[in-house]
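> Based on what follows, work out the 3D shape:
(one chain, ligands or ions: 1)
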Amino acid sequence: MKERISELNKEVEEFNIHNEESLEQFRITYLSKKGLISMLFEGFRNVPPEAKRDTGLLLNNLKQSATNKYNEHKERLAMIEVAGPSVDLTMPAYPFAEGTRHPISIVRNEIIGIFSRIGFTVSVGPEIEDDNHVFTMLNFASDHPARDMQDTFFIEKKSGIESDPHDVLLRTHTSSVQVRVMENQQPPIRTISPGRVFRNEAVSARAHCIFHQIEGLYVAENVSFADLKQTLLYFATELFGKDVNIRLRPSFFPFTEPSAEMDISCNICGGKGCNVCKGTGWLELLGCGMVDPNVLDACGIDSEKYTGYAFGMGIERATMLKYGVNDLRLYFENDIRFLKHFRTEIL
Ligand code: DAH
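From the prediction side, this is the model:
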């Protein structure tokens with residue numbers, strides 16, 4: 001009996017199962033009721049008692065390995081049936097084309113990271129705004145020429161009068177989020193507000209009707225212009241590298257007094273003067289200043305007690321300076337050949 005078992009073991013092992021028919025043949029030959037293994041089990045009755053234990057073990061093992069082989073091949077053949085015979089499931093998979101972050105998202109996330117590390121929160125506001133939050137509360141007088149600085153997309157003009165605070169429009173800058181934050185929160189406030197803004201401009205390499213900004217706002221007791229300057233220097237060196245220099249030029253915005261524009265030293269020529277910086281060695285990056293007391297008061301913050309600084313920048317502008325891409329339109333076309341140049345670890 002033992003010999004027969006080991007013969008069958010060999011047979012089972014060598015049996016070639018390559019399709020449904022041979023699988024069935026295997027089952028009938030070895031595993032069916034009248035199969036060779038069942039026959040051995042019948043013969044087992046006549047094995048002398050002293051040999052039963054050993055022989056029984058071998059017989060059970062034989063049955064187990066035949067059953068395993070049957071099941072494995074059955075599963076394999078079923079998979080081939082699903083996938084189709086031409087598919088080799090053992091082939092390595094096709095390489096997976098991973099997407100990349102949009103450069104604007106990369107730079108936005110990087111800027112958020114830089115300010116988060118020094119305690120700024122992130123706040124957002126609506127893209128569809130009213131005149132009040134975009135202009136009036138930010139100290140734009142109704143006949144102020146600064147209102148003409150920004151060509152606005154109006155959604156609903158509420159009355160015939162020019163600059164009605166109830167007019168509904170697409171925000172032209174993220175400074176409107178400053179107002180919303182200050183209306184709802186008392187100092188200390190330390191926040192940045194990223195978002196889309198809209199201006200009625202003809203699309204060209206240097207202008208677009210939709211773009212992105214990040215606004216910054218810090219309001220507390222004893223906030224000074226020196227705090228603003230130091231924060232901006234920290235920011236510029238984090239974003240552009242430790243060798244970058246900044247300079248502040250006096251400027252004007254209705255909502256800050258004093259106001260300034262910040263330039264960074266040209267990262268192409270290192271400040272010596274080249275085509276990109278038009279020989280000046282400097283590139284303009286953002287607007288900033290001390291929050292005008294009128295703005296604080298309009299938002300219900302005591303301007304006798306608190307002072308603050310604010311700044312605002314275009315993310316496209318920062319991205320252009322960082323990557324040296326000088327046509328704004330590329331950021332909106334979603335041409336995959338352009339986008340796949342940008343890779344980042346930051347999600
Ligand atoms: N809102 C300005 C713009 O769109 C940018 C700006 C300038 C924001 C100065 C500020 C600021 O907060 O203080 O051009």
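> and the residue of the stretch 51-200 of the chain found nearest the ligand, how far is that from residue 232?
In the stretch 51-200 of the chain, the residue that lies nearest the ligand is residue 173 (3.3 Å; CB to the nearest ligand atom). Glycine gets a C-beta too; all of them are placed from N, C-alpha and C. Remark: distance between residue 173 and residue 232 (CB to CB, to the nearest Å) = 18 Å.
> now swap in residue 299 and tell me
23 Å.
> same check, this time on residue 135
When residue 135 is compared with residue 232 (using CB to CB), they lie 25 Å apart.
> higher neighbour count, the two?
The neighbour comparison of residue 135 against residue 232 (other CB atoms under 10 Å) goes to residue 135, with 30 against 22.
> these two touch, right, the more buried one and residue 163?
Yes - under the contact definition of CB atoms under 8 Å, residue 135 touches residue 163, with a separation of 6.7 Å.
> if we can go back for a sec, the residue of the stretch 51-200 of the chain closest to the ligand: what's it in contact with?
For residue 173, the contacting residues are 134, 150, 197, 213, 215, 312, by CB atoms under 8 Å, 6 or more residues apart in numbering.
> which ones among these come in contact with the ligand?
By CB under 6 Å from any ligand atom, the members of these lying near the ligand are 215, 312.
> Turn the contacts of residue 173 into a markdown table, columns for pLDDT.
Formatted as a markdown table, the contacts of residue 173 follow (pLDDT from 0 to 100):
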| residue | pLDDT |
| --- | --- |
| 134 | 95 |
| 150 | 59 |
| 197 | 96 |
| 213 | 98 |
| 215 | 98 |
| 312 | 98 |
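> And the contacts of residue 173, which is closest to residue 322?
Minimum separation from residue 322 among those (CB to CB) is found for residue 213, which lies at 15.7 Å.
> bridging residues for that closest one?
residue 195, residue 314 (DSSP bridges).
> do the one 4 residues further on as well
For residue 217, the beta-bridge assignment (DSSP bridges) gives partners residue 191, residue 310.
> That one contacts residue 185, correct?
No - contact criterion CB under 8 Å: residue 217 and residue 185 do not qualify, at 10.2 Å.
> what does the stretch 101-250 of the chain have sitting close to the ligand?
Residues of the stretch 101-250 of the chain lying near the ligand (CB under 6 Å from any ligand atom): 173, 175, 215.
> So which of the residues you listed belong to strands?
Within these, residues falling in strands by DSSP state E are residue 215.
> ok, the residues of the stretch 101-250 of the chain next to the ligand vs residue 279, which is closest?
The closest of these, once distances to residue 279 are taken by CB to CB, is residue 173, at 29.8 Å.
> I'd guessed residue 280 sits against residue 272; true?
No - counting by CB under 8 Å, residue 280 sits too far from residue 272 to count as a contact (10.3 Å).
> what residues are shared contacts of the two?
With CB under 8 Å, 6+ apart as the test, residue 280 and residue 272 both reach residue 266.
> Looking at the two, which is more packed in?
residue 280 (15 against 11).
> Torsion angles phi and psi at that one?
Here is the backbone geometry of residue 280 (degrees, to the nearest 10): phi -90, psi -20.
> which residues sit in contact with the closest residue to it other than its chain neighbours?
Spatial nearest neighbour of residue 280, excluding adjacent residues (CB to CB, 6 or more residues apart in numbering): residue 273 at 6.4 Å. Residues in contact with residue 273 (CB under 8 Å, 6+ apart) are 266, 279, 280, 281.
> For the stretch 51-200 of the chain, which segments count as helices?
Ranges of helices in the stretch 51-200 of the chain, per DSSP state H, counting those that start in this stretch, are 103-116, 131-134, 175-184.
> now those in JSON lines, with mean neighbour count?
Output for the helices of the stretch 51-200 of the chain, formatted as JSON lines (neighbours: other CB atoms under 10 Å):
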{"stretch": "helix 103-116", "mean neighbour count": "19"}
{"stretch": "helix 131-134", "mean neighbour count": "22"}
{"stretch": "helix 175-184", "mean neighbour count": "22"}
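> With that, I have no additional questions.
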